[in-house]
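> heads up, no residue letters with this:
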C-alpha cells in the first residue's frame, strides 16, 4: 500500500459539496472516479474538510491509499486528465507515511469569504462572491468580529445538523480587508463547526449594514441559539484557502 496527499482546487458551482451523495456530483466522487479511470482501484479518499454545496477551494487537502506505488506526478497528471471537464484539479501530489490522514492530521484550517460591495450586478464574479449592494461599514464589522475571536461556545453559529461533539471552538483569526468594492474576510481556526463561517459572515453583514451593533453580536453569542444569530451568508462566497499540518 502507498499513501498519497493531494492538494486540490475546485469550483463548487453545481456540485453537492465535498462528500459523496446519493444524488448529484461531489468533489470526492469526481476525484475517486478519476483515480479509478487511471488505475482501476475503487477507493474512498479522506478530505481535510467537508465543504458544503457551492463552496469553493483554493487548496483543499485529501489523502488516499493505492495498492501499488506510483510516481506522484504521474498520479496527479493522470487523474487530472480523467477528471475533465469537471472544474476540479489536483495542484500537487506527494507520497506520505501511513500515519498521515488529511482530516485528523490537520491542525489549522483557513477560509476566505469574498463579498463584492457595489450597486451594479456581478458579471465576472457571479457565483464566486456575495453581491451586497448596500454600502458596508467594514470598520464596524471588524470591531464586531473581534468579539468572536478566541475560545467560545459557538452554538449560535452552527447548523442544526452539525455533528461536532462540542460547540466550543477557538477562533484564531477573523480579519476583514476592503480593497475598493472587494471585501475579503479571512477566518482561521484549528477546526470549525458546520456552517460556522457562513453564519459569522452573515451576522457581521448585519453590523456592516447598520442593523446590528456590537452588543447584538455579544447577545447572539451568549444565547447559544442558532435562531439568535444572523443568517448564513451564501455558500458561493466561501473558499477553503489552506490547511495546516505539522512539519
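Yep, it's here. What you see is a predicted model; the values in this text were computed from it and never measured. Numbers count the residues shown, from 1 in each chain.
> Now do the contacts for the closest residue to residue 119 other than its chain neighbours.
Distance criterion C-beta to C-beta, 6 or more residues apart in numbering; nearest residue to residue 119, sequence neighbours excluded, is residue 133 at 5.1 Å. For glycine as for every other residue, the C-beta is placed from the backbone atoms N, C-alpha and C. The contact partners of residue 133, taken as C-beta atoms under 8 Å, 6 or more residues apart in numbering, are 117-119.
> For ChimeraX, write the select line for the buried members of these.
Selecting only the buried entries of the contacts of residue 133 in ChimeraX, with 16 or more other C-beta atoms under 10 Å as the criterion:
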select :117
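> Just the closest of the contacts of residue 133 to residue 94, please.
Nearest to residue 94 among these, counting by C-beta to C-beta, is residue 117 at 38.9 Å.
> one step back: mind checking how far the residue nearest to residue 119 is from residue 26?
32 Å (C-beta to C-beta, to the nearest Å).
> returning to that earlier point: dump the contacts of residue 133 into JSON lines; add pLDDT and distance to residue 49 as well.
Formatted as JSON lines, those follow (pLDDT from 0 to 100; distance: C-beta to C-beta, whole Å):
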{"residue": "117", "pLDDT": "98", "distance to residue 49": "27"}
{"residue": "118", "pLDDT": "98", "distance to residue 49": "30"}
{"residue": "119", "pLDDT": "97", "distance to residue 49": "34"}
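> Rounded mean pLDDT for stretch 35-54, please.
In this model, stretch 35-54 has a mean pLDDT of 96.
> Oops, could you answer that again for stretch 226-245 instead?
Averaged over stretch 226-245, pLDDT sits at 98.
> tell me the domain boundaries of this protein?
Domain ranges of the chain: 2-96, 108-244, per automatic domain parsing.
> element containing the spatially closest residue to residue 138 that is not a sequence neighbour?
Excluding its sequence neighbours, the residue lying closest to residue 138 (C-beta to C-beta, 6+ apart) is residue 178, at 4.7 Å. Per DSSP states H and E, residue 178 falls inside strand 173-179.
> Just name the closest of the contacts of residue 133 to residue 202, please.
Nearest to residue 202 among the contacts of residue 133, counting by C-beta to C-beta, is residue 117 at 14.7 Å.
> any chance you could map the strands in the chain?
Secondary structure of the chain (DSSP state E): strands located at 2-10, 46-47, 56-66, 88-96, 108-116, 130-131, 150-153, 168-171, 173-179, 182-189, 238-244.
> Now those strands in TSV, please, with extra columns for distance to residue 213 and mean neighbour count.
Formatted as TSV, the strands of the chain follow (distance: least, C-beta to C-beta, whole Å; neighbours: other C-beta atoms under 10 Å):
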stretch	distance to residue 213	mean neighbour count
strand 2-10	37	21
strand 46-47	38	20
strand 56-66	31	21
strand 88-96	42	17
strand 108-116	20	21
strand 130-131	21	20
strand 150-153	19	13
strand 168-171	20	16
strand 173-179	16	16
strand 182-189	19	20
strand 238-244	25	22
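> Next, the residue of the chain positioned farthest from its centre: phi, psi?
Distance to the chain centre peaks in the chain at residue 68, reaching 31.5 Å (criterion: C-alpha atoms, centre = their mean). When read as degrees, to the nearest 10, the backbone of residue 68 gives phi -120, psi 150.
> do you know how far it is from residue 62?
According to C-beta to C-beta, residue 68 and residue 62 sit 19 Å apart.
> and if you look at residue 202?
In this view, residue 202 and residue 62 are 28 Å apart by C-beta to C-beta.
> Was I right to think the residue farthest from the centre of the chain contacts residue 2?
Yes - with contacts counted by C-beta atoms under 8 Å, residue 68 reaches residue 2, the gap being 6.9 Å.
> Please name the residues that touch the residue farthest from the centre of the chain.
Taking C-beta under 8 Å, 6+ apart, we find residue 68 in contact with 2, 39.
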